[in-house]
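Chemist: Prediction below, plus the sequence it came from.
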Amino acid sequence: MSAIPALRVFDTAGVNFLLERMTRQGLARRGTGTPAQVAASALGLQAQDAAAARLGVRARSGAVDEADVIRAGATEASVVRTWLMRATVHLVAAEDLRWLVALFGPMIERRFATVRWRQLGIDRPLLDEAVPLTREVLADRQLTRQELAAELAERGIRLADDPQAATHLLMALSCRGVTCRAGDRGRDATFALIEDWVPDVAPPIDPMAELARRYFRAFAPATAADFTAWSGLPSGAAIGAIRDELTEVAFDGRRGWTLGTVEPVPVLRLLPMFDNYLIGYRDRSAMLDETRVGQVYVGGIIKASVVCDGRVIGSWRLERSTRSGKLATIRITTFERFTRRHRQELDRERADVERFLGGMVGLSTDG
């Protein structure tokens with residue numbers, strides 16, 4: 001009779017499991033990955049704010065700068081932005097795009113089709129008509145959402161008079177695996193046909209199992225509720241499909257799972273808005289004092305945060321500068337007294353942001 005493996009128990013103070021999460025997410029040992037490798041390892045970075053997503057790559061790789069990340073999405077198409085987890089925009093490796101769209105597209109359509117899309121005139125008959133017309137209009141081209149909506153309108157696809165109608169039409173088309181974001185044109189995203197923009201790659205044998213496997217590899221230790229909060233999908237079948245690969249653990253008064261092992265490393269990082277570490281879990285009480293929640297999670301916005309050893313110890317913003325010779329200034333709002341170690345690591349982070357952006361960056365704290 002085989003022995004039952006011992007339950008792995010993390011430090012009840014929370015430090016060890018938070019460090020493990022940061023390490024798994026590539027934040028402790030910033031490697032040399034390409035934007036595509038970073039996106040694949042993280043299983044996507046939230047990217048409704050494109051500049052924040054680029055800073056999320058910076059936090060995980062010391063081998064690329066902002067121009068590299070822009071080029072990876074705009075011309076190389078090795079990373080792609082589209083609507084996925086929780087019906088929000090994510091930056092994913094091109095090789096993961098199609099199977100993730102196939103997995104999340106039906107969920108997003110169920111969420112929006114009965115009310116919001118119907119209000120905008122986006123129903124099943126319209127989409128059935130719009131899909132072939134979109135393939136015709138976008139063949140070997142990239143258009144903004146307004147340009148695409150205008151050309152479809154000329155072909156009889158009429159939407160409600162609502163500023164969000166074109167965006168939701170693109171969301172619906174992307175959910176059906178027709179379109180994805182291409183390069184930006186100024187402040188506007190352009191869209192391309194998936195079949196033109198990224199190569200066709202064979203999907204995982206079991207996409208739901210692969211999703212769970214990649215989540216627990218990158219986010220553990222985590223619970224079933226964490227997986228659902230991150231993905232927007234039920235956890236039962238996903239976790240059940242890889243149960244034999246998971247190790248049960250106890251942490252922060254809860255039970256969950258890990259996949260594989262890592263060696264946690266103490267670290268301080270400047271994480272951007274909507275970073276995976278800040279959004280990938282249902283219970284965030286160990287990482288942020290309850291009196292500060294409203295300073296980080298503000299409505300639908302998750303502010304850029306200073307995170308040390310897994311705990312949020314401040315917020316920050318990048319202010320573009322008008323001063324000669326200085327590109328920007330990092331302005332820190334502290335949540336607690338910063339130690340000498342904090343200040344030393346903050347200066348290293350400032351230097352890395354400077355490297356990433358390619359210009360002089362200052363640092364200012366309120367305490």
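Modeler: The structure has been received and is ready for your questions. Here the structure is a predicted model, which means the values were calculated and not measured.

Chemist: other SSEs contacting the biggest helix by length in the chain?
Modeler: As assigned by DSSP state H, the longest helix anywhere in the chain is helix 94-113. When contacts are defined as 3 or more C-beta pairs under 8 Å, 6 or more residues apart in numbering; DSSP states H and E, helix 94-113 packs onto helix 35-42, strand 79-83, helix 165-175, helix 194-197, helix 207-219. For the C-beta atoms, the positions are set from N, CA and C on the backbone; glycine is no exception.

Chemist: so can I have TSV of these showing mean pLDDT, distance to T291 and mean neighbour count?
Modeler: Listed next are these as TSV, based on pLDDT from 0 to 100; distance: least, C-beta to C-beta, whole Å; neighbours: other C-beta atoms under 10 Å:
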stretch	mean pLDDT	distance to T291	mean neighbour count
helix 35-42	97	29	24
strand 79-83	97	34	26
helix 165-175	96	36	22
helix 194-197	96	45	18
helix 207-219	97	26	21
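
Chemist: Would you convert the ones you listed into a markdown table that also reports distance to L143?
Modeler: Formatted as a markdown table, the helices and strands packed on helix 94-113 follow (distance: least, C-beta to C-beta, whole Å):
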| stretch | distance to L143 |
| --- | --- |
| helix 35-42 | 24 |
| strand 79-83 | 15 |
| helix 165-175 | 10 |
| helix 194-197 | 12 |
| helix 207-219 | 30 |
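
Chemist: thinking again about what came up before, which helix or strand lies directly C-terminal to the longest helix of the chain?
Modeler: Note on helix 94-113: by DSSP states H and E, the next helix or strand toward the C-terminus is helix 116-119.

Chemist: what separates that next one from the chain centre, distance-wise?
Modeler: 26 Å (C-alpha atoms, centre = their mean, to the nearest Å).

Chemist: what are the ranges of the strands in the stretch 151-300 of the chain?
Modeler: Secondary structure of the stretch 151-300 of the chain (DSSP state E, counting those that start in this stretch): strands at 179-185, 188-193, 247-251, 254-258, 268-271, 297-298.

Chemist: Which of those sits closest to V38?
Modeler: Closest to V38 of the strands of the stretch 151-300 of the chain is strand 268-271 (C-beta to C-beta; 13.6 Å).

Chemist: Mind listing the strands that closest one pairs with, and their directions?
Modeler: If you go by DSSP bridges, strand 268-271 pairs up with strand 305-308 (antiparallel).

Chemist: Now do the strand it pairs with: everything it contacts.
Modeler: 22, 27, 267-271, 275, 277-278, 287, 296, 312-316, 332, 334, 342, 345-346 (C-beta atoms under 8 Å, 6 or more residues apart in numbering).

Chemist: Using ChimeraX, define a selection of the buried residues within those.
Modeler: Per 16 or more other C-beta atoms under 10 Å, the buried members of the contacts of strand 305-308 correspond to this ChimeraX selection:
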select :22,27,267,268,269,270,271,275,277,278,287,296,312,313,314,315,316,332,342,345,346
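
Chemist: Out of the contacts of strand 305-308, list just those in helices.
Modeler: 22, 277-278, 296, 342, 345-346.

Chemist: just to revisit the earlier point, so which of the strands of the stretch 151-300 of the chain is the most packed in?
Modeler: strand 268-271 (a mean of 24; mean count of other C-beta atoms under 10 Å).

Chemist: Just the closest of the ones in helices among the contacts of strand 305-308 to V262, please.
Modeler: Each of the ones in helices among the contacts of strand 305-308 was scored against V262 by C-beta to C-beta, and M22 proved nearest at 9.8 Å.

Chemist: Show me the domain layout of this structure.
Modeler: 15-197, 268-365 (automatic domain parsing).

Chemist: which residues does the closest residue in space to I332 that isn't next to it in sequence contact?
Modeler: The spatially closest residue to I332, leaving aside those adjacent along the chain, is T365, at 4.1 Å (C-beta to C-beta, 6 or more residues apart in numbering). Listed by C-beta under 8 Å, 6+ apart, the contact partners of T365 are 314, 331-332, 334, 338, 343, 346.

Chemist: Run through who's touching stretch 331-344.
Modeler: 268, 289, 292, 295, 306, 308, 312-319, 346, 363-367.

Chemist: so where is the stretch 1-150 of the chain shaky, pLDDT-wise?
Modeler: For the stretch 1-150 of the chain, the stretches with pLDDT under 70 are 1-6, 12-15.

Chemist: what about 80?
Modeler: Scanning the stretch 1-150 of the chain for pLDDT under 80 picks out 1-15.

Chemist: need the strands of the stretch 151-300 of the chain in TSV with distance to G240, can you?
Modeler: Shown next, in TSV, are the strands of the stretch 151-300 of the chain (distance: least, C-beta to C-beta, whole Å):
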stretch	distance to G240
strand 179-185	31
strand 188-193	36
strand 247-251	14
strand 254-258	12
strand 268-271	32
strand 297-298	31
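
Chemist: My guess is R60 contacts R29. True?
Modeler: No. Taking contacts as C-beta atoms under 8 Å, R60 lies outside contact range of R29: 9.5 Å.

Chemist: neighbour-wise, which of these two wins?
Modeler: R60 (26 against 13; other C-beta atoms under 10 Å).

Chemist: Can you tell me the closest non-neighbouring residue to that one?
Modeler: Of all residues not flanking R60 in the chain, G26 sits nearest, at 3.9 Å (C-beta to C-beta, 6+ apart).

Chemist: Compute the distance between the one you found and E263, please.
Modeler: Distance of G26 to E263, given as C-beta to C-beta, to the nearest Å: 14 Å.

Chemist: Give me the more crowded residue out of the two.
Modeler: G26 (20 against 9).

Chemist: what about that one, distance to A40?
Modeler: 11 Å.
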